[in-house]
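here you go, sequence then predicted model.
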Amino acid sequence: MRKVNKFAIWAFALSSLLLSSCVTKVKENQSQPTVSINPLSVKFGDPYVLLASDGMYYMYGTGGGAVDGFSVYSSPDLVNWKDEGQVYRGNIEGSWAVANFWAPEVYERNGKFYMLFSADWKVNPTKELENFRIGVAVADKPTGPFKELSSAPLFDPGYPAIDGNLIDTEDGRTFLYYSRCCYKNPVESEIAEQAKKEGKFDEIEESWIYGIEVKPDLTGVIGEPILLLRPPLKLDDKQSEWESRSVTTGEVNRRWSEGPYTFKKGDTYYMMYSANYFGGKNYAVGYATSKNPLGPFIKSPDNPVLEKNIEKGGIVTGTGHNSATWSKDGKQMYCVYHGRTEKTGNERVVFIDKMGVDENGRLYVEGPTTAPE
């Protein structure tokens, strides 16, 4: 009978244990989330992401191949996105919206999904070139189909309005933020005077951000709109340089305050907004804060918090019109926005970067990034 080598048995057992541990570690590493690289393949402008009660993320935006309406992408992890197709179509019989479908946002409320969107209103007796209004569509699922809640826009402020955004307060009230378009809104300011003196433009039109209370069922408004944000009037205003770049570079005779996205942290409302020409490289994001949903809002001295990075060796320009979403455990906030690169050209594509509010109440965005996360 052959003698058993106890040392050999012990060594074999130890090596098997180590190998098993290594295999387990490899499997654990393989199960980690897929690496994300900006920009995403989704070709949206004005992206908005909803984390729905079914545990999935849904992204809506301008363009993306939709005809007279909007498409949606779904994702379990903010990394891998599936095209779910077109979920809303206007310019059909009974629709108030006939063209230029922009900036959809979707909210889950009482078991339904409500889409806030901008479009050209078919009622246009004076034949305005920009006749945009904000409307609401509703669906039973985040993937639609969405049907218009009314045969008319949510309300008519008497001027073109776009980029609707909603927030609910603890006392059960709902507020709408939107942007009045630059169209036929020339404004006298030191920036306009300088542009005229330099021979750039004879006048400067501006868009402004307003707020108004809306009915909880989103069928109408309560009260009158209140002006909340506008481009600065003075050249020595700290916000003037970055918010006026489209004018000072001779790009276009307009200044924008648009694309509001508002959330509350603690007792403070944070309103993120975009400035400069949405089709140019200087499009950027700032924010303002208030203790009340209808202001007054004070712009941050840290603005802009998101802008092009080509001067710093990066490849991204035209960063703007953002929304925000959260990780499923609610611990990490993400900024969702569109931008451009040399490779994508004029096509707007989606970026997602980490963001947050620090211990001093200062909002920050860790972007734009194009490296693995």
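Okay, I see it.

mind listing the strands for the stretch 1-150 of the chain?
44-51, 57-63, 69-75, 82-89, 97-109, 112-121, 132-139, 147-148 (DSSP state E, counting those that start in this stretch).

again with the stretch 251-373 of the chain
Going by DSSP E, counting those that start in this stretch, the stretch 251-373 of the chain shows strands at 254-255, 258-265, 268-275, 284-290, 298-299, 316-326, 333-341, 349-357, 363-365.

so can I have JSON lines of those strands showing distance to residue 234?
To be clear about C-beta, it is placed using only N, CA and C from the backbone, and glycine gets the same treatment. As requested, the strands of the stretch 251-373 of the chain are exported to JSON lines (distance: least, C-beta to C-beta, whole Å):
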{"stretch": "strand 254-255", "distance to residue 234": "13"}
{"stretch": "strand 258-265", "distance to residue 234": "21"}
{"stretch": "strand 268-275", "distance to residue 234": "16"}
{"stretch": "strand 284-290", "distance to residue 234": "16"}
{"stretch": "strand 298-299", "distance to residue 234": "13"}
{"stretch": "strand 316-326", "distance to residue 234": "23"}
{"stretch": "strand 333-341", "distance to residue 234": "28"}
{"stretch": "strand 349-357", "distance to residue 234": "28"}
{"stretch": "strand 363-365", "distance to residue 234": "24"}
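
as TSV, these with mean neighbour count and distance to residue 163 would be great.
As requested, the strands of the stretch 251-373 of the chain are arranged in TSV below (neighbours: other C-beta atoms under 10 Å; distance: least, C-beta to C-beta, whole Å):
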stretch	mean neighbour count	distance to residue 163
strand 254-255	26	15
strand 258-265	22	5
strand 268-275	24	9
strand 284-290	22	13
strand 298-299	15	18
strand 316-326	24	7
strand 333-341	25	13
strand 349-357	21	17
strand 363-365	22	19
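
nearest to residue 349, of the strands of the stretch 1-150 of the chain?
strand 44-51 (7.6 Å; C-beta to C-beta).

can I get the strands of the stretch 1-150 of the chain in CSV with mean pLDDT, mean neighbour count and distance to residue 236?
Shown next, in CSV, are the strands of the stretch 1-150 of the chain (pLDDT from 0 to 100; neighbours: other C-beta atoms under 10 Å; distance: least, C-beta to C-beta, whole Å):
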stretch, mean pLDDT, mean neighbour count, distance to residue 236
strand 44-51, 98, 24, 32
strand 57-63, 98, 24, 35
strand 69-75, 98, 23, 42
strand 82-89, 98, 17, 45
strand 97-109, 98, 21, 33
strand 112-121, 98, 23, 34
strand 132-139, 98, 23, 33
strand 147-148, 98, 18, 47
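
which one of these lies nearest to residue 228?
Per C-beta to C-beta, nearest to residue 228 of the strands of the stretch 1-150 of the chain: strand 132-139, 15.6 Å.

what angle do the closest one and strand 112-121 make?
Counting by axes from the mean of the first three to the mean of the last three C-alpha atoms, to 10 degrees, strand 132-139 lies at 150 degrees to strand 112-121.

what's strand 132-139 packed up against?
Applying 3 or more C-beta pairs under 8 Å, 6 or more residues apart in numbering; DSSP states H and E, we find strand 132-139 packed against strand 82-89, strand 97-109, strand 112-121, strand 147-148, strand 161-168.

please repeat the previous calculation with a cut-off of 6 Å.
Here strand 132-139 touches strand 112-121, strand 161-168, going by 3 or more C-beta pairs under 6 Å, 6 or more residues apart in numbering; DSSP states H and E.

now it - C-alpha only, PDB.
In PDB, the C-alpha atoms belonging to strand 132-139 read as follows (Å, rounded to 0.1, in the frame of the first residue of the first chain):
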ATOM      1  CA  PHE A 132     -44.400  78.100 -30.100                       C
ATOM      2  CA  ARG A 133     -46.500  77.100 -27.100                       C
ATOM      3  CA  ILE A 134     -46.300  74.400 -24.400                       C
ATOM      4  CA  GLY A 135     -48.700  71.500 -24.200                       C
ATOM      5  CA  VAL A 136     -49.300  68.300 -22.400                       C
ATOM      6  CA  ALA A 137     -49.800  64.700 -23.600                       C
ATOM      7  CA  VAL A 138     -50.600  61.600 -21.500                       C
ATOM      8  CA  ALA A 139     -49.900  57.900 -21.700                       C
END
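
if we can go back for a sec, how about the helices and strands packed on strand 132-139 in CSV, adding distance to residue 96?
Converted to CSV, these look like this (distance: least, C-beta to C-beta, whole Å):
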stretch, distance to residue 96
strand 112-121, 6
strand 161-168, 13
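
hmm, back to that, reformat the strands of the stretch 1-150 of the chain as a markdown table; add distance to residue 303.
Below are the strands of the stretch 1-150 of the chain laid out as a markdown table (distance: least, C-beta to C-beta, whole Å):
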| stretch | distance to residue 303 |
| --- | --- |
| strand 44-51 | 20 |
| strand 57-63 | 24 |
| strand 69-75 | 30 |
| strand 82-89 | 33 |
| strand 97-109 | 21 |
| strand 112-121 | 25 |
| strand 132-139 | 26 |
| strand 147-148 | 36 |
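
and of the ones you listed, who's closest to residue 162?
Of all those, strand 112-121 comes closest under C-beta to C-beta, at 4.0 Å.
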